[in-house]
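Q: Sequence first, then the predicted structure, then my questions.
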Amino acid sequence: MTQVLRARRVLSESGWLDDHQIHLVEGQIAQITPIPAGITTRDADLLCPAYLDLHVHGGAGLDVMDDDPRTLETLAIHKACEGVGAWLPTTVTAPLPAIESALGRIALRMQTGGKGAIVLGSYLEGPYFTPQNKGAHPPELFRELDTHELDRLIAHSQNTLRVVALAPEKAGALEAIAHLKRRGVRVMLGHSAATHAQTVAAFDAGADGLVHCFNGMTGLHHREPGMVGAGLTDSRAWLELIADGHHVHPATIRLCAHCAPERTVLITDAMRAAGMPDGRYDICGYDVEMRNGIVRTPSGGLAGSTLSVDAAVRNMVEMAGISTEEAIRMASLHPAQLLGVDDHLGSIAVGKQANVIALNAQLQVRQIWLKGTPLNL
């Protein structure tokens, strides 16, 4: 049975199409055609590809590390409400058994499915970092890189581990990067004091980009460009960006958008306070406090975000001055390309999965279809 979605504008893989309709058959996009004359009803102002959030720790009061089996479904629904069709639950630095347990739960969710945004696998953020730019990660739990240990983590994930974040200046980092790439795992660099040269060497070894660019790394200096300089100037590097105006100043957001418009990937790095009122929460076993939507450690450092992907898209248009099309691609096609799933996700194109969102003129999410099935928001 064919389902037809009509909009004033459809963002296809080749750009905006005015007064077009999408034909959905068995959860896939079968056709994209002009709306016939005489049909005046529209399902949306804008029909766009659903977003992908590749870096998510939590939200709605929950954390990916929580062992309650209902956590991932609640988070999947929470993410879908902000227009996310697929996501990577992201771990934090913790004792190894807790990380292994989380990877197992994520694998189970990926295999069994359920309501809400589709789990594409897991993202390991920590424990392979260095203390100088630790963020909210507990440095006493940082570990040295070991390929056998990485293989055990991949095994605990039942081969669903998709991304590993690490500090490239650690001993054995280049060997670990090459090993992970052979296993089909993406590698992102962050929570690190690496130099420009060390970062470029990691890209040479196969690393894919920077974890939340600008945050938790050596910044740009005119004599030592640091990790940021390497990421901005190396065409191989994908740049995760927390576009909330707090983690990264609006002028710096503009810098990223202008230097790397085809390589910017919008993420939330959201933690359990996302979608919740101000108050006290925890991350990585530390108590943190959210005030006016900003989460900080007792020492004043930022501790994850409360950003939603749809807000990040709006912020890119407003703060970076880029087009709506560019901002949406940073939250849909670009993350799909980073993860290597753009053959079936990330854009509205014939043959791709029917993960579609309806937006109003203000880019607010009004409806989402996951594999062609609407989710009541």
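A: That came in fine, so what should we check first?
Q: Kindly export stretch 58-68 (C-alpha atoms) in CSV.
A: In CSV, the C-alpha atoms belonging to stretch 58-68 read as follows (Å, rounded to 0.1, in the frame of the first residue of the first chain):
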residue,chain,number,x,y,z
GLY,A,58,20.8,11.0,27.8
GLY,A,59,17.7,13.1,28.3
ALA,A,60,14.3,13.1,29.9
GLY,A,61,16.0,12.5,33.2
LEU,A,62,17.7,9.3,32.0
ASP,A,63,21.3,8.3,31.0
VAL,A,64,22.5,5.7,28.6
MET,A,65,24.5,4.2,31.4
ASP,A,66,21.4,3.5,33.5
ASP,A,67,20.8,-0.2,33.8
ASP,A,68,17.0,0.0,33.7
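Q: Give the rounded mean pLDDT of it.
A: Here stretch 58-68 scores 96 as its mean pLDDT.
Q: repeat for stretch 327-344
A: 98.
Q: ok, and for that stretch, which residues are buried?
A: 327-339, 341-342 (16 or more other C-beta atoms under 10 Å). The C-beta positions use only the backbone N, C-alpha and C, and glycine is treated the same way.
Q: out of the residues you listed, who's nearest Gly83?
A: Ala331 (8.1 Å; C-beta to C-beta).
Q: dump the residue contacts of the closest one.
A: Tyr51, Leu52, Asp53, Val265, Leu266, Val309, Ala312, Val313 (C-beta atoms under 8 Å, 6 or more residues apart in numbering).
Q: Inside helices: which ones of the residues you listed?
A: Val309, Ala312, Val313 (DSSP state H).
Q: List of residues touching the host helix or strand of Ile106?
A: If you go by DSSP states H and E, Ile106 is part of helix 96-112. With C-beta under 8 Å, 6+ apart as the test, helix 96-112 has contacts from 64-65, 67, 69, 71-73, 76, 89, 91, 94, 119-122, 124, 127, 143, 149, 152-153, 156-158, 160-161.
Q: of those residues, buried ones?
A: So, by 16+ other C-beta under 10 Å, the buried ones in those are 64-65, 71-73, 76, 89, 91, 94, 119-122, 124, 127, 153, 156-158, 160-161.
Q: quick revisit: from the buried residues of stretch 327-344, which two are the most distant?
A: Between all members of the buried residues of stretch 327-344, the farthest pair (by C-beta to C-beta) comes out as Ala327 and Val341, at 20.2 Å.
Q: Would you mind measuring from the residue nearest in space to the middle of the chain to Val164?
A: Most central in the chain under C-alpha atoms, centre = their mean is Leu54, positioned 2.5 Å from the mean C-alpha point. The spacing between Leu54 and Val164, counted by C-beta to C-beta, to the nearest Å, is 13 Å.
Q: so what's Ile357 bridging to?
A: Per DSSP bridges, the residues bridged to Ile357 are Cys48, Ile368.
Q: surely it meets Asp43?
A: No - using C-beta atoms under 8 Å, Ile357 makes no contact with Asp43, being 11.1 Å away.
Q: list residues touching both of the two?
A: Joint contacts of Ile357 and Asp43 (C-beta under 8 Å, 6+ apart) are Gln367.
Q: Between those two, tell me which one has more neighbours.
A: Ile357 (26 against 18; other C-beta atoms under 10 Å).
Q: And that one, how far from Gln21?
A: 16 Å.
Q: repeat for Glu262
A: 29 Å.
Q: And for Ala197?
A: Distance from Ala197 to Gln21, by C-beta to C-beta: 52 Å.
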